[in-house]
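*Asks:* Could you work out the structure for the sequence below:
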Amino acid sequence: MKMAYLVNSLLAGALAAVLYLFQRSWSKAASARQLGCQPPFSYPHIDLIFGLDLKLREVKKALEFRSIPFNTELFNIYGKTYQVNVFGSATIRTIDPANIQTAYATNNKDWGYEPMRLPVMGPFCGRGFITTDGATWKASRALLRPTFSKANVSDLSPFQRSVDSFLQQIPRDGSIVDMQPLIATLFLQTAIKFLLGDSLDVLGGAGKSEDAKIFLEAFHNSMFGMGLSFLIGPFQFLVPKALKATAWQRAHTFIDTCVDAALHDQIQAQERDDLDNQADSYSHGHSLLEGLAKQTDDRIAIRNQILQAMMAAQDTTSILLSNTLFLLSRNPAAYERLRKEALSIDVDASLTLFNDLKELKFLSNVLDESLRLYPIFPIMDRVALNDTTLPVGGGEKRDFPIYIPHGTRIASNYYALHRDESVFGPDVEVFNPDRWNSISPGPWEYMPFSGGPRACVGQHKALAEASYTLVRIAQLFRGLESRDEKDWAGELKLTARNANGCKVALIPA
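*Replies:* Residues are numbered from 1 along each chain as shown. Coordinates of the predicted model:
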């Protein structure tokens, strides 16, 4: 009797689940018809349940550092918008500017990050500008704004001193050097200084901090664990929680110590009545930690913002600069033109260096072209926070709107977007800075720093620092020669760097 009751209960539960799914599917179909939507083209999966056939192909390509161009090939085959199955859930892949604009700007309230990021990243870096949406995101972004104001990021003097030390590490005898790790170290040090206010020698030397080295190791282990969790999706429970928790705790301990010191300094300053007027308190190159401590005494909130800012800052400028040197080393005529322009500016005497760098037209073209060919964040996902629509991509001719149920992801591929021949010309795979003299792509056709309200808050800082470093290199070295015949191979994590590095020889002036 008990067995029969159990079987009947299970059958009833299964039937209820099937009826619920059928009703939900019917309701979605009815809503789609009412809105004039038609379904997008679907990738022809062999595994119709979990879509593992495509996932395995992509993992194989990733191990070969070919996943980014492979995804571009899929757009060439299946069009600018198509649907794939990712572990049993639908994802819309699109490089159609109309769809990207809708999700990122026009109707951005229906799209966000929190449901897919916070469960994975929350235990490490909590609620902040990377992991939340809505009012919480706006409050987090507002905390960052003073530190990234023009008045703060335009003061390049602290960065100039770091570049001086970096330049001394480049061989003067024309020997082969991999610039990628040198550049990564430079920008890791300057990022820590910008975030925490302390210049730390992370690879040793007179000023090294063992605690800082432990923190950096814990931080990178935490990033690896989160990246692995995102990669394996519903199977993330296979990543040992204890392994992640140890790295999290070590990172938290270091940042909490820095936060406590900053809050203590802030209290002492208040007791001395030594604070400037609030409107002027951000005008002279303070760190993010200092700026946050002036706005809140919530140590957990400050820690979350620091950790999330480090995620955003750790690779951005270093990858841009490495990629640009990689391209210039294979285009000596372009480097010669850049050097001639760089010699026109006196970086030591300039009183308006930040603005002067922006006036170097060919330098600007070079950076634009580098970001077009190799965007730092080549693929970005968002998730539908409500039932919504995208304007194009449905139907046989792909010109009908698409109905998007709540929870559906959209994946925008900037690497593929930047290879649209109708926008950038037929030679999209060629490094050609002069193309920027005759093209003006729209904000949803060229997206080096994403777009809309959640565009990268540090983009002006990144461009200024990359520009300054390139100018200094070009002034000191008359030649930049490639010493590696391998093509660029994207090592895709949250960002994408060249898996082969940047092996060059520099010839002193």
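
*Asks:* Can you pull the poorly scored residue ranges out of the stretch 151-300 of the chain?
*Replies:* 198-209, 273-285 (pLDDT under 70).

*Asks:* pretty sure residue 413 contacts residue 381?
*Replies:* No: the pair formed by residue 413 and residue 381 falls short of the contact definition of Cβ atoms under 8 Å, at 10.2 Å. For every residue, glycine as well, the C-beta is placed using N, CA and C.

*Asks:* Those two: who's more crowded?
*Replies:* Higher neighbour count among residue 413 and residue 381: residue 413, with 22 against 15, using other Cβ atoms under 10 Å.

*Asks:* can you tell me which residues contact that one?
*Replies:* 71-72, 75, 93, 95, 378-379 (Cβ atoms under 8 Å, 6 or more residues apart in numbering).

*Asks:* same thing but at 6 Å, please
*Replies:* Residues in contact with residue 413 (Cβ atoms under 6 Å, 6 or more residues apart in numbering) are 71, 95, 379.

*Asks:* so which of those residues is the most crowded?
*Replies:* Counting by other Cβ under 10 Å, top hit in the contacts of residue 413: residue 95 with 24 neighbours.

*Asks:* what's the pLDDT at that one?
*Replies:* The model reports residue 95 with a pLDDT of 98.

*Asks:* State the number of residues packed around the residue lying closest to it once chain neighbours are set aside.
*Replies:* Excluding its sequence neighbours, the residue lying closest to residue 95 (Cβ to Cβ, 6 or more residues apart in numbering) is residue 417, at 4.4 Å. By the criterion of other Cβ under 10 Å, residue 417 has 26 neighbours.

*Asks:* Repeat that for residue 67.
*Replies:* As a burial measure, residue 67 scores 21 neighbours (other Cβ under 10 Å).

*Asks:* So residue 70 is in contact with residue 61, correct?
*Replies:* Yes: judged on Cβ atoms under 6 Å, residue 70 makes contact with residue 61 at a distance of 4.3 Å.

*Asks:* neighbour count winner among these two?
*Replies:* Legend: neighbour count by other Cβ under 10 Å for residue 70 and residue 61, higher for residue 61 (17 against 14).

*Asks:* if I look at the more buried one, how far off is residue 52?
*Replies:* Residue 61 is 15 Å from residue 52, where distance means Cβ to Cβ, to the nearest Å.

*Asks:* With residue 131 instead?
*Replies:* Distance from residue 131 to residue 52, by Cβ to Cβ: 28 Å.

*Asks:* With neighbour numbers in mind, choose between the two.
*Replies:* More crowded of residue 131 and residue 52, by other Cβ under 10 Å: residue 131, with 24 against 16.

*Asks:* Contact partners for residue 316?
*Replies:* By Cβ under 6 Å, 6+ apart, the neighbours of residue 316 are 376, 462.

*Asks:* which one is residue 55 nearest to, not counting chain neighbours?
*Replies:* Residue 55 sits nearest to residue 86 (Cβ to Cβ, 6+ apart), 7.0 Å away.

*Asks:* Okay, and the beta partners of the one you found?
*Replies:* Under the criterion DSSP bridges, residue 86 forms beta bridges with residue 89.

*Asks:* Could I get the full set of helices for the stretch 51-200 of the chain?
*Replies:* Listed in chain order, the helices of the stretch 51-200 of the chain (DSSP state H, counting those that start in this stretch) span 52-63, 67-78, 97-101, 114-125, 134-144, 150-153, 157-167, 179-196.

*Asks:* To residue 404, which of those helices lies closest?
*Replies:* Of all the helices of the stretch 51-200 of the chain, helix 97-101 sits nearest to residue 404, with 9.9 Å by Cβ to Cβ.

*Asks:* other SSEs contacting the closest one?
*Replies:* Helices and strands touching helix 97-101, by 3 or more Cβ pairs under 6 Å, 6 or more residues apart in numbering; DSSP states H and E, are strand 388-394.

*Asks:* Make sure residue 162 is actually in contact with residue 190.
*Replies:* Yes: using Cβ under 6 Å, residue 162 is in contact with residue 190, at 5.0 Å.

*Asks:* which one of the two has more residues nearby?
*Replies:* Using other Cβ under 10 Å, the more surrounded residue of residue 162 and residue 190 is residue 190, with 21 against 17.

*Asks:* so what's that one up against?
*Replies:* So, once contact is read as Cβ under 6 Å, 6+ apart, residue 190 ends up touching 159, 162.

*Asks:* any idea how far it is from residue 448?
*Replies:* For residue 190 relative to residue 448 (Cβ to Cβ), the value is 20 Å.

*Asks:* got it, and residue 358?
*Replies:* Counting by Cβ to Cβ - residue 358 and residue 448 are separated by 15 Å.

*Asks:* same check, this time on residue 187
*Replies:* From residue 187 to residue 448 the distance is 17 Å (Cβ to Cβ).

*Asks:* so what's the residue sitting nearest the centre point of the chain up against?
*Replies:* In the chain, the residue lying closest to the centroid (Cα atoms, centre = their mean) is residue 377, at 4.4 Å. Residue 377 makes contacts with residue 495, as judged by Cβ under 6 Å, 6+ apart.

*Asks:* Just confirm it is within a helix.
*Replies:* No: counting by DSSP: H, G, I helix; E, B strand; the rest coil, residue 377 falls outside a helix, being coil.

*Asks:* now the strands for this structure?
*Replies:* For the chain, the strands defined by DSSP state E occupy 41-42, 81-86, 89-94, 111-112, 177-178, 379-384, 388-394, 400-404, 409-413, 477-482, 490-492, 496-498, 503-508.

*Asks:* neighbours of residue 44, just the number please.
*Replies:* 9.

*Asks:* ok, now residue 324?
*Replies:* 26.
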